[in-house]
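Engineer: Sharing a model prediction with you, sequence too.
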Protein chains: 2
Amino acid sequence: MTRYSEFAPSQRIIMTPGPVEAEPRVLRALSYPILGQFDPEFTDLMNDTMSMLRELFQTRNHWAFPIDGTSRSGIEAMLASIIEPADKVLIPIFGRFGYLLQEICERYGAEVVTMEKPWGTVFDQEEIAAVIRIEQPAIVAIVHGETSTGRIQPLNQLGAVCRENGALLVVDAVATIGGVAVETDAWMLDAVIGGTQKCLSIPSGMAPITYNERVESKIAKRKRIERGLRQPGEILTEESILKPIASNYLDLSQLQDYWGPARLNHHTEMTSMLYALREGVRIVLQEGLDARFQRHKLHEQALVAGIQAMGLTLYGESECKLPVVTCVQIPPETDGESVRSMLLGTFGIEIASSFGPLKGQIWRVGTMGYSCRQTNVLHFLGAFEAVLIRHGLRIPPGRSVQAALNCYETPVSLGVETL
Amino acid sequence: MTRYSEFAPSQRIIMTPGPVEAEPRVLRALSYPILGQFDPEFTDLMNDTMSMLRELFQTRNHWAFPIDGTSRSGIEAMLASIIEPADKVLIPIFGRFGYLLQEICERYGAEVVTMEKPWGTVFDQEEIAAVIRIEQPAIVAIVHGETSTGRIQPLNQLGAVCRENGALLVVDAVATIGGVAVETDAWMLDAVIGGTQKCLSIPSGMAPITYNERVESKIAKRKRIERGLRQPGEILTEESILKPIASNYLDLSQLQDYWGPARLNHHTEMTSMLYALREGVRIVLQEGLDARFQRHKLHEQALVAGIQAMGLTLYGESECKLPVVTCVQIPPETDGESVRSMLLGTFGIEIASSFGPLKGQIWRVGTMGYSCRQTNVLHFLGAFEAVLIRHGLRIPPGRSVQAALNCYETPVSLGVETL
């Protein structure tokens, strides 16, 4: 039977906000042979990975491990495990992924309070703090890097406000982890969810998370060992009966027992994806977090210089631009999808469009992880210029790549701010 | 920084009920470069995979796609999407994974009715049918291959009974898919969940599922497009407001829009794992389902002959033995964990222990997928004999491997029954 031929994907240059190109060493790790989930070599690997994730998240939290699913499984695991019915959750929204937080919190029975900013901007932290003081939420959930609009929300002052007001601060750092500083402990973030397929350059499939003792103690009350593993006579807490965690797969109290010394069987850990996660995070730590953040800023600078040299306009407020995603306004009369399609079909380069109100309005160009490198930026700019000219735009030929080359020869100061 | 060294797992012979050794071609597919999730090459791959999964599940159902998580994510997605609060769910239990179904159904607000059989046996289908007629459940959820006890539950008559009584039949075929016949349409199963890391020999990380129009129509009523993707003015159904699907990540109504022509963005599909799934299922279909089931029976036969030649006793009723898992009673006075540990440490061979009441009572030996081959069976028997002798057991030396070799030279008839 030969109806289904062997699969052989084309090589792509991926300049989207994810999934981006995976590190070749990560791809190699994926092809290593399987270990059993309770093989000592594998449980060592699990422990090793936890320790690396703590460095990645810049935390001393004990709990740092991956959820076995794509990024939103990590967000949902975190929220499902801490939201008790009727808990008030404050969600400041400034793009599509804020709505996702709202969606998930509502499904888990929270009383959701939202505040919104026009897309393309972010909040002044003091605006959020004022609402926290009035609303007294149990949880504040917020996006750090909003890829739908290419904005980054400063968070360094929110943790203290949440602590003063008895709220837990949950941060979606899916787009920023490994590309922009995410200082879990210094910013007093209670829970952080990262993504693999963006700045970590690991294929989609795991969601590394971390959380502190404030979160752990809320989860512990609702803990429930599953039937079939429970010992005879084992007693359930009142909270676990009255306010059980709704999901079994995403129940952090059970996952802790699997990632902790008890090693209680839950799911079968994703063997190959864990190899990939360990290798990808190892590479990030080997490069060094600060060096990595600087690299992302350097290539962003060259990309922006090249785009502006074409006479194109960036979208959104510049002070809160997310360094790893650059949003470009689609010029009037230009068919944005046709441009994307020619870039992919003719040059093998992928960039993204956007969602909802920004659909058809902007292109989004990612410079994330392994995809964030000089050759990619230069190839993209050259190809983009050619495609735009082919679409009838008057672009001054050759200037874009020259502007980027100038940048690489003489980069302007690249201080890594801690937002 | 070189604190974390490169990871390099040992080669293992994995004779557990999963995860088992992955097919080398599947491991190779994992290392292919990334495609974007809306790259036409990737959406073609998604469609291709759906079509292959239909063949694997022996169904004409439109919906056949993977859930992005380990096997239990597929079970939970299915149950979470069809259980409406207070729905009565009947769960016949004959081992640990029946309790998992109960656990999940309770968390999603079902009124659960269970019936239990002693471990090591299964139900007569008529026993279940009688309870269905009395209880009139909305859903019947049952395990096909129970790896905790090594038993297989016949299912060929249950579908018709469920249909007559207005119940949906949901089957956990995680352990059997690709190793033993699972005839979705012929048996009138409404929803089936498979696993990757067992008889398919793909690493853990995805859960292929299929379901028919009866299931789809129940899900459709509760459908809800998520905020941030919803068009202005889009109206939610009453059911989606009153009985929303509790999980966003595991919401099949949303996943359908991602796997269907709308291609509505939900999660970022696990690129590399999907490559692996496609390649793994391709290899299964290339071998042919019947040939594959026969191969599993052949190696089971040789394994059983070898184990019995050592004078060891099999666990459980023989008429319902799961062909892909062989349970062996641990002889009195023998430290089962010490045997497993020496097998792994000295011979690089992994077998499993069991759970709950069977902990310390039995060893479980898997013959699944790529791990199910002559060299593995022979190496295991030789090593097992040596380890047991080293543990003081009086095993007649050499007979075990000879018994298996006899089997391979003259296999007894291997009719593939459709259970």
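Structural biologist: Everything's here; your move.
Engineer: rest of the way, CA atoms for contacts and neighbours
Structural biologist: Will do.
Engineer: can whatever helix or strand residue A:377 lives in be found next to chain B?
Structural biologist: Here residue A:377, judged by DSSP states H and E, is contained in helix A:374-390. No: residues of helix A:374-390 contacting chain B under Cα under 8 Å from any Cα of the partner chain: none, with a closest distance of 15.0 Å.
Engineer: helix or strand right after the lowest-mean-pLDDT helix or strand in chain A?
Structural biologist: Sorting the helices and strands of chain A by mean pLDDT, DSSP states H and E puts helix A:238-242 at the bottom, at a mean of 69. The first helix or strand that comes after helix A:238-242 along the chain, using DSSP H and E, is helix A:252-259.
Engineer: Run the chain-centre distance for that following helix.
Structural biologist: Relative to its parent chain, helix A:252-259 has a centroid offset of 22 Å by Cα atoms, centre = their mean, to the nearest Å.
Engineer: and that helix, what other elements does it pack with?
Structural biologist: If you count contacts as 3 or more Cα pairs under 8 Å, 6 or more residues apart in numbering or on different chains; DSSP states H and E, helix A:252-259 packs onto helix A:71-82, helix A:213-221.
Engineer: ok, and what's touching the following helix or strand past that helix?
Structural biologist: Using DSSP H and E, the helix or strand that directly follows helix A:252-259 along the chain is helix A:271-287. Residues external to helix A:271-287 that are found in contact with it (Cα atoms under 8 Å, 6 or more residues apart in numbering or on different chains): A:23, A:25-27, A:29-32, A:34-35, A:37, A:45-46, A:48-49, A:52-53, A:55-56, A:178, A:196, A:200-203, A:205-206, A:292, B:1-2, B:4, B:6-7, B:203-205.
Engineer: again, but for stretch A:402-409
Structural biologist: With Cα under 8 Å, 6+ apart, stretch A:402-409 has contacts from A:298, A:301, A:302, A:303, A:305, A:306, A:309, A:378.
Engineer: I'd say the fifth one and residue A:400 touch.
Structural biologist: By that I understand residue A:305. Yes: using Cα atoms under 8 Å, residue A:305 is in contact with residue A:400, at 7.3 Å.
Engineer: between the two, who's got more neighbours?
Structural biologist: Shown here are residue A:305 and residue A:400; by other Cα atoms under 10 Å in any protein chain shown, residue A:400 has more neighbours (26 against 20).
Engineer: Now the strand or helix carrying the more buried one: buried residues?
Structural biologist: Take DSSP H and E as the rule and residue A:400 turns out to sit in helix A:399-409. By 16 or more other Cα atoms under 10 Å in any protein chain shown, the buried positions in helix A:399-409 come out as A:399, A:400, A:401, A:402, A:403, A:404, A:405, A:407.
Engineer: Widest-spaced pair of the residues you listed?
Structural biologist: A:399 and A:407 (12.4 Å; Cα to Cα).
Engineer: And the helices in chain A?
Structural biologist: Assigned by DSSP state H, chain A shows helices spanning A:24-30, A:40-56, A:71-82, A:96-107, A:125-135, A:158-164, A:213-221, A:238-242, A:252-259, A:271-287, A:289-309, A:336-347, A:374-390, A:399-409.
Engineer: Turn the ones you listed into CSV, including distance to residue A:189.
Structural biologist: Shown next, in CSV, are the helices of chain A (distance: least, Cα to Cα, whole Å):
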stretch, distance to residue A:189
helix A:24-30, 29
helix A:40-56, 13
helix A:71-82, 13
helix A:96-107, 16
helix A:125-135, 14
helix A:158-164, 5
helix A:213-221, 10
helix A:238-242, 25
helix A:252-259, 18
helix A:271-287, 21
helix A:289-309, 18
helix A:336-347, 38
helix A:374-390, 33
helix A:399-409, 35
